[in-house]
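Visitor: mind folding the following:
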Amino acid sequence: MDIIISNSSNDPIYLQIVKQIKGMIMSGELKEGDPLPSMRNMALQLRISLITTKRAYEELERDGFIESYTGKGSFVKAQNTDFIREENRRRAEEYLAKAVDAAKPAGIAFEELTEILKLLYEADGT
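Guide: Numbers count the residues shown, from 1 in each chain. Coordinates of the predicted model:
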């Protein structure tokens, strides 16, 4: 599992881990039942505190992405497809909000922005 920690990120380290693991689960890279590295191994691999790794795993468990068993480890939990769709929608809304924030000061009209979105959406053939 490739987790990349950035010192230049505004997100704390535990949140960087959470976001990357959620992304792997939502993309299908990690599937139901896949084991995660132990908290200790993750901390060693990333050269971070065990407490930081524990906090990330606790948040992933609280959000329903993983389940942990004492003595066995942490595993990807079966995902609710409605939840994944909602999470993807939330992420898309974040990106669209950034696009609007960039378009307004540049004088890009709503109609032009929607046309750009339409072209981008249709460009991948779906």
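Visitor: what residues go with each domain of this structure?
Guide: 13-76, 81-123 (automatic domain parsing).
Visitor: now render those domains as CSV, adding mean pLDDT.
Guide: Shown next, in CSV, are these (pLDDT from 0 to 100):
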stretch, mean pLDDT
domain 13-76, 94
domain 81-123, 90
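Visitor: hey, which of these is tucked in deepest?
Guide: domain 13-76 (a mean of 16; mean count of other C-beta atoms under 10 Å). C-beta: built from backbone N, CA, C; applies to glycine.
Visitor: report the longest helix in the protein, please.
Guide: Counting residues, the longest helix found in the chain (DSSP state H) is helix 81-103.
Visitor: who does it touch, helix- and strand-wise?
Guide: Packing contacts for helix 81-103, counted by 3 or more C-beta pairs under 8 Å, 6 or more residues apart in numbering; DSSP states H and E, involve helix 13-27, helix 110-123.
Visitor: got those helices as a markdown table, with distance to Gly64 columns?
Guide: Converted to a markdown table, the helices and strands packed on helix 81-103 look like this (distance: least, C-beta to C-beta, whole Å):
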| stretch | distance to Gly64 |
| --- | --- |
| helix 13-27 | 10 |
| helix 110-123 | 29 |
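Visitor: looking at those, which is closest to Ile3?
Guide: helix 13-27 (5.2 Å; C-beta to C-beta).
Visitor: list the contacts of whatever helix or strand comes next after the closest one.
Guide: The helix or strand immediately downstream of helix 13-27 is helix 39-46, counting by DSSP states H and E. The contact list for helix 39-46 (C-beta atoms under 8 Å, 6 or more residues apart in numbering) reads 3, 5, 13, 17, 36-37, 49-50, 52-54, 56-57, 74.
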